[in-house]
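1. I'd like to go over a predicted model; first the sequence, then the structure.
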Amino acid sequence: MAKRTDSETLSKHIRDALRSDILGGRWSPGEKLQLTALSEHYQTSSTVIREALTRLVGDRLVQLKPNRGFFVPPISLAELEDITQLRCVNEEFGITLAIERGDLNWESELIAVHHTLERTPRRRAEDPDQHTQEWNAAHQAFHAKLMEACGVPVLIDLTSTLSDIVQLYGRWAGMATRDAQRDIEQEHREILAAVLKRDAPAAAKLLRQHYETTMEAVRNAGEVGLEKALGGKVPAQA
């Protein structure tokens, strides 16, 4: 039993590390994930790496191509458009249920995660076009907490998966939203205020605007903005 627990702990550790590095942009969209290189980097066996990558395929953070191996998923403006609309529809429904069902403890926890988000530096000092990993994590935690009280596990899982997929677009969106000079912090404050007032229609509307404003900034940046964000490398196609 102890060996199995140790094995499961190692597998989760490697999976979490891979997930963090993929979302952090360690590899470019479309880039192949080499088992040997990953085994050396994470100092573990190729079996553990393969298991972790296979799990991440299920989370849509890794793409498996038959007879070719594992790849970072390619990204496109059209896919981001679709994902954004799917997030809007699901989270409008989710926040409505959460406001209806959430209790005082949920409100208190939501205020706490928002406080962390407010106090976490958003831009990298060495690369102001990009968000810090700490801010990305705090941002996801805030949006996850918004949905938590809806009480529908399938909906919570879906919104979490969509949030992760959007993170693959982080470098593109980070640069685009900086150029747009939006006040993201104020957007979060307004969403929080609407939730605490138990104003579901306003909260749903603000959430949609929050996501669509990001989408509009990325759309305005276009494919040229994507290439610039990736250092001049055009993402591989599926």
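-> Nice, I can see it. Residues are numbered from 1 along each chain as shown.
2. can you list the low-confidence ranges for this structure?
-> Counting by pLDDT under 70, the chain has low-confidence residues at 1-8, 127-129, 170-180, 221-238.
3. can you pull out the helices in it?
-> If you assign secondary structure with DSSP state H, the helices in the chain sit at 2-23, 35-42, 46-58, 77-101, 104-119, 133-148, 153-167, 170-180, 184-196, 200-229.
4. could those go into a markdown table alongside mean neighbour count and distance to residue 68?
-> Any C-beta I mention is one placed from the backbone N, CA and C, and that applies to glycine too. A markdown table is the format used below for the helices of the chain (neighbours: other Cβ atoms under 10 Å; distance: least, Cβ to Cβ, whole Å):
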| stretch | mean neighbour count | distance to residue 68 |
| --- | --- | --- |
| helix 2-23 | 14 | 18 |
| helix 35-42 | 15 | 12 |
| helix 46-58 | 17 | 13 |
| helix 77-101 | 18 | 20 |
| helix 104-119 | 15 | 39 |
| helix 133-148 | 19 | 29 |
| helix 153-167 | 17 | 21 |
| helix 170-180 | 21 | 25 |
| helix 184-196 | 17 | 38 |
| helix 200-229 | 18 | 23 |
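5. as JSON lines, these with distance to residue 29 would be great.
-> Written out in JSON lines, the entries for these read as follows (distance: least, Cβ to Cβ, whole Å):
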{"stretch": "helix 2-23", "distance to residue 29": "10"}
{"stretch": "helix 35-42", "distance to residue 29": "17"}
{"stretch": "helix 46-58", "distance to residue 29": "15"}
{"stretch": "helix 77-101", "distance to residue 29": "10"}
{"stretch": "helix 104-119", "distance to residue 29": "26"}
{"stretch": "helix 133-148", "distance to residue 29": "17"}
{"stretch": "helix 153-167", "distance to residue 29": "12"}
{"stretch": "helix 170-180", "distance to residue 29": "9"}
{"stretch": "helix 184-196", "distance to residue 29": "23"}
{"stretch": "helix 200-229", "distance to residue 29": "9"}
